[in-house]
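**Q** Quick one, fold the following:
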Amino acid sequence: MKVVILCGGRGTRLKEETEFKPKPLVEIGSKPILWHIMKIYAHYGFNDFVLCLGYKGNMIKEYFLNYEAMNNDFTIQLGNHNNIKFHSNHTEKDWKVTLVDTGEEALTGSRLRKAARYIDSDLFMLTYGDGVANIDIGKLVSFHKAHKKAGTITGVHPSSRFGEIAAKDGLVVKFNEKPQVRDGMINGGFFIFKKNFLDYLEDGEDCWLEHEPMEKLASCGELMVYPHEGFWQCVDTYRELELLTKLWNSSNPPWKVW
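**A** Residues are numbered from 1 along each chain as shown. Coordinates of the predicted model:
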C-alpha cells in the first residue's frame, strides 16, 4: 500500500525555520519531521512512499539523493566516483521513495491528484508532512478494511484546533475544515482511501482536499473516523517544534514506536 505524504506547503507560521528549508525538513533532534513520520509507517511494514513536493522541494530531493552518504560510513576511491563502498549502519535500507513535483502553489487536493499516477494500489494512505503520533497503523488499516467505506480519517483531540469532525457510531456525518472548533475531534491526518477517491479531486491548482472532496465523501456516507486517543502533535509554530524537540530528547518520546 502506498503512503502519500503532503510535503509542499510553505509553513509560514514557522518562518524561523521555513525561510531556509521546506517544513518537512525542519528537524526534531537531528532528524527531519518527515523522517519521523516515515519511521512510524515503516515500523508497521509500510515503506513505499510518494512525496508530494512544492516549496523548496529540491531540498527534499537532495536529502534523499544524499541519504546513503549522510547516514552511512563509506569508503571512496578518489578519482573514481563509481567506486564507493557504503558500510551500512542505518535501518531504512528497504524504503522506496518516489518524489513528485506538484507545484509551488498547488493546494493539498491538487498535489494528491498530480501524484495519482504513482498510486497503483487499491488502497492508499495519506498524511501531512508535519505531524507525528503514536498511532497503531496496523489497527488503522484493519479498521478501514472492516468498514468497507471509501475513506478513513484519524480523529484526534489536541489543544490546537483545525478541522472539526462530527461522527455517529464511527460514521462521519459532517466534515468542516474551519479555524475554530468548539468541541469534538479534529482532523489529525493519517488517512486511508480507496483509489476511487481520486475521482473526487478536481483539476487545477485550487483543489483543497479538506474542503469539497472530503465534504462530499462525508455527505455520501463514505467517510469513517478512526478515533486516536493517544499522542498526536503537528508542528505549526516554533513553540510546537520546541515541545517535540524537548520530548525527543527525553527518555521516551511518545511517537517513537520503532
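**Q** Every contact and neighbour count from this point should use C-alpha atoms.
**A** OK.
**Q** what separates stretch 19-33 from the chain centre, distance-wise?
**A** Chain-centre distance of stretch 19-33: 14 Å, with Cα atoms, centre = their mean, to the nearest Å.
**Q** Quick one: end-to-end length of it, please.
**A** 16 Å (Cα to Cα, to the nearest Å).
**Q** residues near the closest residue to residue 31 other than its chain neighbours, how many?
**A** Distance criterion Cα to Cα, 6 or more residues apart in numbering; nearest residue to residue 31, sequence neighbours excluded, is residue 25 at 8.0 Å. Neighbourhood size, residue 25 [other Cα atoms under 10 Å]: 23.
**Q** show me what contacts residue 25?
**A** By Cα atoms under 8 Å, 6 or more residues apart in numbering, residue 25 lies in contact with 31-34, 60.
**Q** Could you dump these into a markdown table and include distance to residue 186 and secondary structure?
**A** Shown next, in a markdown table, are the contacts of residue 25 (distance: Cα to Cα, whole Å; DSSP: H, G, I helix; E, B strand; the rest coil):
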| residue | distance to residue 186 | secondary structure |
| --- | --- | --- |
| 31 | 27 | strand |
| 32 | 24 | strand |
| 33 | 21 | helix |
| 34 | 21 | helix |
| 60 | 28 | helix |
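**Q** farthest pair in those?
**A** For the contacts of residue 25, the maximum inter-member distance is 12.7 Å, found between 31 and 60 (Cα to Cα).
**Q** Those two - which one has more neighbours?
**A** residue 60 (22 against 11).
**Q** Would you mind measuring the gap between the ends of stretch 118-127?
**A** First-to-last residue span, stretch 118-127, Cα to Cα: 16 Å.
**Q** Numbering from 50 from now on, please.
**A** Yep, numbering from 50; the last one is stretch 167-176 now.
**Q** quick one: that stretch to chain centroid distance?
**A** 13 Å.
**Q** Report the mean per-residue pLDDT for that stretch.
**A** Mean pLDDT, computed over stretch 167-176, is 96.
**Q** which residues make contact with that stretch from outside it?
**A** By Cα under 8 Å, 6+ apart, stretch 167-176 touches 50-55, 99, 238-244.
**Q** For the stretch 150-299 of the chain, which segments count as strands?
**A** 172-177, 180-182, 200-205, 212-217, 220-226, 234-236, 240-243, 272-276, 281-283 (DSSP state E, counting those that start in this stretch).
**Q** I'd like to know which of these lies nearest to residue 189.
**A** Nearest of those to residue 189, taken as Cα to Cα: strand 272-276 at 6.9 Å.
**Q** who's in contact with the closest one?
**A** Contact partners of strand 272-276, identified using Cα under 8 Å, 6+ apart, comprise 189, 192-193, 196, 198-205, 216, 219-222, 263, 266.
**Q** Then stretch 200-219?
**A** 193, 221-230, 232-243, 246, 266, 271-278, 281-282.
**Q** Just the terminal-to-terminal distance for it.
**A** Stretch 200-219: ends 12 Å apart by Cα to Cα.
**Q** looking only at pLDDT, what's the mean for it?
**A** The pLDDT scores in stretch 200-219 average 78.
**Q** and what of stretch 153-164?
**A** Averaged across stretch 153-164, pLDDT comes to 95.
**Q** Centre of the chain to it, how far?
**A** Centroid separation for stretch 153-164 versus its chain: 14 Å, with Cα atoms, centre = their mean.
**Q** Please apply the same query to stretch 66-75.
**A** With Cα atoms, centre = their mean, you get 15 Å for stretch 66-75.
**Q** One more: stretch 269-277?
**A** The chain centre lies 18 Å from the centre of stretch 269-277; the measure is Cα atoms, centre = their mean.
**Q** who's sitting farthest from the centroid in the chain?
**A** Relative to the C-alpha centroid of the chain, counting by Cα atoms, centre = their mean, residue 128 is the outermost residue, at 40.2 Å.
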